[in-house]
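Peer 1: below is the sequence, then the predicted model.
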Amino acid sequence: MESDTPLSRSEMLERGREMRRKLVGDAYADKLDSEVYRNRHMQKFGDLTQEIVFGQMWTRPDLDLKFRSLIILITDTATGSTEALQLHVRFCRIHGWSEDEIVESILHCMGYIGIPLVRKAMVATVEVFQAMQAEELQRSETAAAGK
């Protein structure tokens, strides 16, 4: 049962870090930490987003992570935020959306936001699918070599 006592900033940051790892997986979270958030300025950005976005917004009740991941995918598509979309496609795949469901969700936006934004989202999405397939192949080959 969740307490009504507000969390401290450090507790909210830790909660956000755990949620981010849950959303993107340990390997990708480690990659982001080592490649993006090593710079002290980007670390400030990372801490703030983990505290507020992941620690507060993603942990709210009433919507599961699968549904939240689809919402953010659609908002990225509608705003043309393809760099963010590429990360959020991973969220969707990790939390149970199939490639076909993701593609159909993006295509469904076409009549409402226009062809250029949907095309941009589709190109970015296919790149992520290919990268994730390559990562899975590499993990499988590494595991096979270790046996």
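Peer 2: Thanks, I have it.
Peer 1: and the lengthiest helix in the chain, how far out from the chain middle?
Peer 2: Longest helix in the chain by number of residues, with DSSP state H as the criterion: helix 115-146. Distance, stretch centre to chain centre, for helix 115-146: 14 Å (C-alpha atoms, centre = their mean, to the nearest Å).
Peer 1: over to stretch 98-116?
Peer 2: How far stretch 98-116 lies from its chain's middle: 18 Å, per C-alpha atoms, centre = their mean.
Peer 1: and the longest helix of the chain, what does it pack onto?
Peer 2: When contacts are defined as 3 or more C-beta pairs under 8 Å, 6 or more residues apart in numbering; DSSP states H and E, helix 115-146 packs onto helix 65-79, helix 82-94, helix 99-108. Using the backbone N, CA and C atoms, a C-beta is placed for each residue, glycine as well.
Peer 1: any chance of these in a markdown table, plus mean neighbour count and mean pLDDT?
Peer 2: Conversion of the helices and strands packed on helix 115-146 to a markdown table gives the following (neighbours: other C-beta atoms under 10 Å; pLDDT from 0 to 100):
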| stretch | mean neighbour count | mean pLDDT |
| --- | --- | --- |
| helix 65-79 | 18 | 96 |
| helix 82-94 | 20 | 94 |
| helix 99-108 | 15 | 98 |
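Peer 1: domain ranges for the protein, per the record?
Peer 2: 8-60, 63-147 (automatic domain parsing).
Peer 1: comparing those by mean pLDDT, which bottoms out?
Peer 2: Of all the domains of the chain, the minimum mean pLDDT falls on domain 8-60 (a mean of 89).
Peer 1: on that earlier part again, can you give me the angle the longest helix of the chain makes with helix 65-79?
Peer 2: Note on geometry: by axes from the mean of the first three to the mean of the last three C-alpha atoms, to 10 degrees, helix 115-146 and helix 65-79 are set 130 degrees apart in direction.
Peer 1: what angle sits between helix 115-146 and helix 82-94?
Peer 2: Counting by the same axes, to 10 degrees, helix 115-146 lies at 50 degrees to helix 82-94.
Peer 1: would you mark the buried spots in helix 115-146?
Peer 2: 117-118, 120-122, 124-125, 128, 132 (16 or more other C-beta atoms under 10 Å).
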